[in-house]
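> missing the sequence, but the structure's below:
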């Protein structure tokens, strides 16, 4: 997945391995730091951190572990953060269903994936059954 | 290879110049630790270690994992533990062992082929013991970290009695399932212990509320309600409120407040209402 739909130049990259809940905590801390660097407002910081927390946990719980790639962006005088979550898990058979509020294949509230989409500016999900899932999100500073 | 030429030569040498070697060893280690440990203490440690290595060499030869080195290993474990607890780095810990090589080098380095061979073998033995030191050091650090994690788990979830009939849990930091479990247990127990009907869960110190945290909170509230207590969630800051709404989490009929003070007022008025009701009906109520 090239950066085409998102534009912007990556400024700084960082990787977090999501193989345990400690990884989720680490991911959250990294995202908070990058969000501050990209000068996101406090509300947007919290929204992005929460979205990252949801997606990181999905990667861990449903994807069987994976990684998060984080980078700050700069385009047209705007700054932002792009996060890429990828796993090589079972994939999502029905994306539309997975993005429905309240539907869960596990024991959660069923709001993680759909909620995360509402918390960010750009959201792209690519999945193939048996191959894995990749979610890319972007949040721009206002 | 118990008593091959190499180890026998070493034993002879180490015995003959024992005082000289140990004092040099202590001095060289003391320099690298830059006075952060007293020379007397260090001297005692290294003298014991020296004697144990010598004993090990004469019984087990150069097999560092052999029976004869059990004493050496236990001394090294002790040494690494102390260093780890005193905040020395792994290098500073391993140097205690490696420094013995430097001390011995001049004594064996006179061109004699047998001596050089003995030195190489001894140096391999010390490498082994050095690695063992680093391993024990790391193990001690892991123990310290895991005990700190346990302490944090305890520390971060105090249940406090705010008023007659009102208990509160101020939550701080990340809420994972282990901690939520502790919170839930403590809160439910406190309701009984303090004979309380009102519980306040304050999340001012929680940086982000995602669906997992929300689900844990909701479960705790439901459990408290089953025991007949009312629960208020307080400390909902603006950014948390907006995030929860965007996520689509519904707290239903659970009362939420911005500050702990508001939550306390809410709890007190509920107690007052119950008291009035009881007065009105009088008697048994």
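Looks like it came in fine. As the structure is a computational prediction, the values presented were derived from the model and not from experiment. Residues are numbered from 1 along each chain as shown, chains lettered A, B, ... in the order given.
> nearest spatial neighbour of the residue in chain A that chain B sits nearest to, skipping sequence neighbours?
Here the residue of chain A nearest chain B is residue A:115; by C-beta to the nearest C-beta that distance is 3.6 Å. Every residue, glycine included, has its C-beta placed from N, CA and C. Excluding the flanking residues, the one nearest residue A:115 by C-beta to C-beta, 6 or more residues apart in numbering or on different chains is residue B:247, at 3.6 Å.
> what's the burial count for that neighbour?
25 (other C-beta atoms under 10 Å in any protein chain shown).
> Got phi/psi on it?
With angles defined as degrees, to the nearest 10, residue B:247 sits at phi -70, psi -30.
> for it, what are its contacts?
A:50, A:54, A:111, A:115-116, A:118-119, B:210-211, B:214 (C-beta atoms under 8 Å, 6 or more residues apart in numbering or on different chains).
> Which members of these are the farthest-apart pair?
A:118 and B:214 (14.7 Å; C-beta to C-beta).
> who has more neighbours, those two?
Counted by other C-beta under 10 Å, residue A:118 and residue B:214 do not tie: residue B:214 has more neighbours, with 21 against 16.
> In this model residue A:38 seems to touch residue A:141, though I could be wrong.
Yes. Counting by C-beta atoms under 8 Å, residue A:38 is a contact partner of residue A:141 at 5.6 Å.
> Between the two, which is the more surrounded one?
More neighbours surround residue A:38 than the other of residue A:141 and residue A:38, with 24 against 16 (other C-beta under 10 Å).
> Just list the residues touching the more buried one, thanks.
Residues in contact with residue A:38, defined by C-beta under 8 Å, 6+ apart, are A:72-73, A:79-81, A:141.
> Show me which helix runs longest in chain A.
helix A:42-61 (DSSP state H).
> Let's test this: mean pLDDT of the helix or strand just after that helix, rounded?
Note on helix A:42-61: by DSSP states H and E, the next helix or strand toward the C-terminus is strand A:66-75. What strand A:66-75 shows for mean pLDDT is 93.
> Run through who's touching strand A:66-75.
Contacts with strand A:66-75, where a contact means C-beta under 8 Å, 6+ apart, come from A:6-18, A:27, A:30-31, A:34, A:37-38, A:52, A:55-56, A:59-60, A:79-89, A:132, A:138, A:140.
> Among the residues you listed, name the ones in helices.
Members of these lying in helices (criterion: DSSP H): A:27, A:30-31, A:34, A:37, A:52, A:55-56, A:59-60.
> any chance of these in CSV, plus distance to residue B:131, pLDDT and neighbour count?
Converted to CSV, those look like this (distance: C-beta to C-beta, whole Å; pLDDT from 0 to 100; neighbours: other C-beta atoms under 10 Å in any protein chain shown):
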residue, distance to residue B:131, pLDDT, neighbour count
A:27, 34, 92, 28
A:30, 33, 93, 18
A:31, 38, 95, 26
A:34, 38, 94, 27
A:37, 40, 92, 13
A:52, 39, 95, 32
A:55, 41, 95, 31
A:56, 36, 94, 28
A:59, 36, 94, 27
A:60, 34, 93, 21
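> And the residue nearest the centre of chain B, how close does it get to chain A?
Nearest to the mean C-alpha position of chain B, by C-alpha atoms, centre = their mean, lies residue B:145 at 2.0 Å. Going from residue B:145 to chain A by C-beta to the nearest C-beta, to the nearest Å gives 12 Å.
> Give me the angle between the longest helix of chain A and strand A:66-75.
Angle, helix A:42-61 to strand A:66-75, by axes from the mean of the first three to the mean of the last three C-alpha atoms, to 10 degrees: 150 degrees.
> For helix A:42-61, name the packing helices and strands.
Judged by 3 or more C-beta pairs under 8 Å, 6 or more residues apart in numbering or on different chains; DSSP states H and E, helix A:42-61 is in contact with strand A:9-18, helix A:21-37, strand A:66-75, strand A:78-87, helix A:112-119, strand A:132-140, helix B:211-226, helix B:238-247.
> just checking, what packs against the helix or strand that the last one is followed by?
In the C-terminal direction, the helix or strand that comes right after helix B:238-247 (DSSP H and E) is helix B:260-281. In terms of contact count using 3+ C-beta pairs under 8 Å, 6+ apart, helix B:260-281 is assigned the packing partners strand B:160-163, strand B:166-172, strand B:198-205, strand B:230-234.
> And the contacts of helix B:260-281?
If you take C-beta under 8 Å, 6+ apart as the criterion, helix B:260-281 is touched by B:162-166, B:168, B:170, B:197-198, B:200, B:202, B:204, B:230, B:232-235, B:255, B:257, B:285.
> next one: that helix to chain centre, how far?
Taking the mean of its C-alpha atoms, helix B:260-281 sits 44 Å from the chain's own mean (C-alpha atoms, centre = their mean, to the nearest Å).
> Buried residues, that helix. List them.
B:260, B:262-264, B:266-268, B:270-271 (16 or more other C-beta atoms under 10 Å in any protein chain shown).
> quick revisit: can I get the helices and strands packed on helix B:260-281 in JSON lines including mean pLDDT?
JSON lines is the format used below for these (pLDDT from 0 to 100):
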{"stretch": "strand B:160-163", "mean pLDDT": "92"}
{"stretch": "strand B:166-172", "mean pLDDT": "91"}
{"stretch": "strand B:198-205", "mean pLDDT": "93"}
{"stretch": "strand B:230-234", "mean pLDDT": "94"}
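> Please render the ones you listed as a markdown table that adds distance to residue B:183 to the earlier fields.
Listed next are the helices and strands packed on helix B:260-281 as a markdown table, based on distance: least, C-beta to C-beta, whole Å:
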| stretch | distance to residue B:183 |
| --- | --- |
| strand B:160-163 | 13 |
| strand B:166-172 | 6 |
| strand B:198-205 | 8 |
| strand B:230-234 | 12 |
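> Since that was my last question, I'll sign off now.
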